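Novice: the sequence isn't on hand, but the structure is:
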C-alpha cells in the first residue's frame, strides 16, 4: 500500500509514520510512505490512484488540510 503523510510538524509526521509502519508490519502489509511538510507539495506530487491512504494535518500554513482534501477529491473521487 502507498501512504501519504502531510503535516508541517516533523515530529508529528514521524510519529504517524512510525504508527503506520508498525500497523502494516504487524499485518504483513507492504507499505510505502511518502511524507510532505506542506499541502502544496502533496498536491504537486499527487496523481489519481497513487495513494491508498492520505493523512492530512488540518492546520498548516498556506493550504490547510481541509482545503487540500477538497482539491484532492476534485482530482480523484476515490
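Specialist: Everything's here; your move. Keep in mind that what you see is a predicted model, and the values were worked out from it rather than measured. Numbering: from 1, shown residues only.

Novice: what segments of the chain are strands?
Specialist: If DSSP state E is used as the criterion, the strands of the chain fall at 2-6, 32-36, 53-56.

Novice: return the most buried member of those strands.
Specialist: strand 2-6 (a mean of 21; mean count of other C-beta atoms under 10 Å). The C-beta positions use only the backbone N, C-alpha and C, and glycine is treated the same way.

Novice: give me the helices and strands touching it, please.
Specialist: Strand 2-6 sits against helix 10-27, strand 32-36, helix 39-45, strand 53-56, with contacts defined as 3 or more C-beta pairs under 8 Å, 6 or more residues apart in numbering; DSSP states H and E.

Novice: among the ones you listed, which is nearest residue 64?
Specialist: Nearest to residue 64, of all the helices and strands packed on strand 2-6, is helix 39-45, at 7.0 Å by C-beta to C-beta.

Novice: counting by contacts, list what that closest one packs against.
Specialist: For helix 39-45, the packing partners by 3+ C-beta pairs under 8 Å, 6+ apart are strand 2-6, strand 32-36, strand 53-56, helix 65-75.

Novice: what's in contact with the last one?
Specialist: In other words, helix 65-75. 6, 39, 42, 43, 46, 48, 54, 56, 57, 58, 59, 63 (C-beta atoms under 8 Å, 6 or more residues apart in numbering).
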